[in-house]
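K.L.:
I'd like to go over a predicted model; first the sequence, then the structure.
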Amino acid sequence: MASNNKSIPFAAAALLLVSQAALAQEQVVKIGITGPLSGANAFAGKDNENGVRLAVEELNAKKVSIAGKTIKFELHSEDDQGDPKAGVAVAQKLVDAGVRFVLGPYNSGVAIPASRVYNDAGVIMSTVGTNPKVTQNGYKGVFRIVASDTQLGGSMAGYAAKQLKLKTIGVIDDRTAFGQGIAMEFVKQAKASGITVAGHEFTTDKATDFAAILTKLKSKNVDAIFFGGYAPQGAPMVRQMRQLGLKAKLLGGDTLCSPEMAKLGGDAVGENVLCAQGGAILDKQADGPAFQARYKARFKQAPDVYAASFYDQTMFIAQSMKSANSLDPSVVAAAMRASTYKGVVGSYAYDANGNMKQSTVTVYTFKNGVPSALATY
């Protein structure tokens, strides 16, 4: 029996046409994530990246359709090293690659200069940089997805005065945009609450020896030290406080509210350490436990400080694309400012400057090596 070989090319051509038609109905949307993926704060950068990655994977599984096309979200991850100069270079690299929606940076000192690059290119930037300056340039595409230093520092100062009944506090900051910003806000609110600020010392975000400045604050009989800085410095600082016999509490912002603090500080980190973090208690949110379970199943570890916030903002961006039926960042940004989104860790709604209209702040301490919530404001 003779075979009809002519049918094979026709079948292949038909499959090719179907494939081309499918591709014509699919559009790639590049999502950028930038943060410290190397160095001392890599644990935070990777956690944030994982939050975005989980959102992108879930969105792709849902086959989101916008303007008649199926959207394929594509993740572009860049290491900004927590360094302002590297952050600007990374920002330009993402812009040149056609990325129009960026999650990050993590550090305020990186977010402030990088925001100009993104603004000039018409890119949406969503950051957890808490320094108030991040959103003071009037850039329409900049969003701060957590509480600012004003809220974090104010909440920690209020808790120190009202619940801890502290009278005298010393302050140390690492001179980064984040460290200076949150220390300044804490000092302002602490003084307004009747707390005496006995001294303000300075270090760097690379330092490991704090004996001299801790000894100086010990001589002033402080009840607590507020540290504007990151966990890789906060952990050895609290160990050295113990070695010097300084029985003061260590207070800080969101950057200390991480299991990494206890991991690095060991048994020196316990109920003597308190920190303020933007957002509600994840365990207590309706969708919190399910998110934690999905995150752990995907990445084989529990989410850290802001994975859920980065996940939520990625989902909010996708929702705004759908509601606006547009992939134009300026249109999407306008839609975000005109709407709200109920996320895993709370509700998101932004004012004209890109700040959260309302942002819950939770004060934590440490129990058994993990942050444990004390109060929510």
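P.N.:
Yep, it's here.
K.L.:
now the longest helix that the chain contains: buried residues?
P.N.:
Criterion DSSP state H: the longest helix present in the chain is helix 42-62. Neighbour counts over helix 42-62 (16 or more other Cβ atoms under 10 Å) mark 42-56, 58-59 as buried. All C-beta atoms are positioned from the backbone trio N, CA, C, and that covers glycine.
K.L.:
quick check: next helix or strand after that helix?
P.N.:
strand 65-66 (DSSP states H and E).
K.L.:
which pLDDT value goes with the spatially most central residue of the chain?
P.N.:
Nearest residue to the geometric centre of the chain (Cα atoms, centre = their mean): V128, 3.8 Å. According to the prediction, V128 has pLDDT 97.
K.L.:
from memory it sits against V146, does it?
P.N.:
Yes. In this structure, V128 is within contact of V146 by Cβ atoms under 8 Å, at 5.0 Å.
K.L.:
quickly list what's touching both of the two.
P.N.:
254, 278, 306, 309 (Cβ atoms under 8 Å, 6 or more residues apart in numbering).
K.L.:
which residues touch the first one?
P.N.:
By that I understand D254. With Cβ under 8 Å, 6+ apart, D254 has these contacts: 128, 130, 146, 152, 275-278, 305-306.
K.L.:
in helices, which of those residues appear?
P.N.:
Using DSSP H, L152 are the members of the contacts of D254 that sit in helices.
K.L.:
among the contacts of D254, find me the one that's closest to M356.
P.N.:
V146 (7.2 Å; Cβ to Cβ).
K.L.:
which residues are in contact with the closest one?
P.N.:
V146 neighbours (Cβ under 8 Å, 6+ apart): 128, 130, 254, 278-279, 306, 309, 356, 359.
K.L.:
quick one, what contacts the residue nearest to it when sequence neighbours are not counted?
P.N.:
Leaving aside its chain neighbours, V146 sits nearest to G278 (3.4 Å; criterion: Cβ to Cβ, 6 or more residues apart in numbering). Residues near G278 by Cβ under 8 Å, 6+ apart: 128, 130, 146-147, 151-152, 254, 309, 359-361.
K.L.:
now those as JSON lines including distance to V102?
P.N.:
Putting the contacts of G278 into JSON lines (distance: Cβ to Cβ, whole Å) gives the following:
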{"residue": "V128", "distance to V102": "13"}
{"residue": "T130", "distance to V102": "17"}
{"residue": "V146", "distance to V102": "16"}
{"residue": "A147", "distance to V102": "20"}
{"residue": "Q151", "distance to V102": "23"}
{"residue": "L152", "distance to V102": "23"}
{"residue": "D254", "distance to V102": "20"}
{"residue": "S309", "distance to V102": "15"}
{"residue": "S359", "distance to V102": "21"}
{"residue": "T360", "distance to V102": "25"}
{"residue": "V361", "distance to V102": "25"}
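K.L.:
sitting in strands, which of the residues you listed do you find?
P.N.:
Judged by DSSP state E, strands contain the following of the contacts of G278: V361.
K.L.:
which of the contacts of G278 are buried? Put it as a ChimeraX command.
P.N.:
Applying 16+ other Cβ under 10 Å to the contacts of G278 leaves a buried subset, and the ChimeraX line that selects it is:
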select :128,130,146,147,151,152,254,309,359,360,361
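K.L.:
out of the contacts of G278, which is nearest to A207?
P.N.:
For the contacts of G278, the minimum distance to A207 (Cβ to Cβ) is 20.0 Å, reached by D254.
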